[in-house]
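Novice: sequence first, predicted coordinates after that:
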Amino acid sequence: MGYLYLFIAIAFELMGTTFLKYSAGFTKLAPSLISIAAYGVCFFFFSKSMLDINLSVAYATWSALGLVITAFISFAVFHEGLTPAGVFGMLLIIAGVTILNLMGTPAKP
């Protein structure tokens, strides 16, 4: 269940971040409220994920997937730039998180 909770947390983090952009610095009420609510749900499920997943693995996975998918949303939805160096950096982050997930920490007791 830990990874299911983690992926739910990531989905709500992505929603919160996207609506944070739409909130225009919390000057628009509806996107601001959606962003705050999404982050609340995100942190609830993130905390639940850590009942089964080590903190280091959960946080690395959460932040890396959030970063990569947010960069894609930024590029596709908001038409913001993405450089080859940025793509390479994200690939390195994905590689590091994959290694951490596969063999970086001992199993929880």
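Specialist: Happy to help now that I have it. This structure is a prediction, so every number in the text was calculated from the model and none was measured. Numbering: from 1, shown residues only.
Novice: how about the most centrally placed residue in the chain: what's its closest non-neighbour residue?
Specialist: Residue closest to the average C-alpha location in the chain (Cα atoms, centre = their mean): G66, at 2.5 Å. Leaving aside its chain neighbours, G66 sits nearest to E13 (5.2 Å; criterion: Cβ to Cβ, 6 or more residues apart in numbering). In short, each C-beta sits where N, CA and C put it, glycine included.
Novice: same question for G81.
Specialist: Nearest one to G81, counting by Cβ to Cβ, 6+ apart, is F75 at 7.5 Å.
Novice: quick one: that neighbour and L82 touch, right?
Specialist: Yes: F75 is in contact with L82 according to Cβ atoms under 8 Å; the separation is 4.7 Å.
Novice: hmm, back to that, ok, the residue nearest to the centre of the chain touching A11?
Specialist: No: contact status for G66 versus A11: not in contact, 9.8 Å apart, counting by Cβ under 8 Å.
Novice: what is the mean pLDDT for the helix or strand harbouring the residue nearest to G81?
Specialist: Following DSSP states H and E, one finds F75 within helix 55-76. Averaged across helix 55-76, pLDDT comes to 92.
Novice: name the residues that touch that helix?
Specialist: For helix 55-76, the surrounding residues in contact (Cβ atoms under 8 Å, 6 or more residues apart in numbering) are 2, 6, 9-10, 13-14, 17-18, 46, 49-50, 53, 80-82, 86, 90, 93-94, 96-97, 100-101, 104-105.
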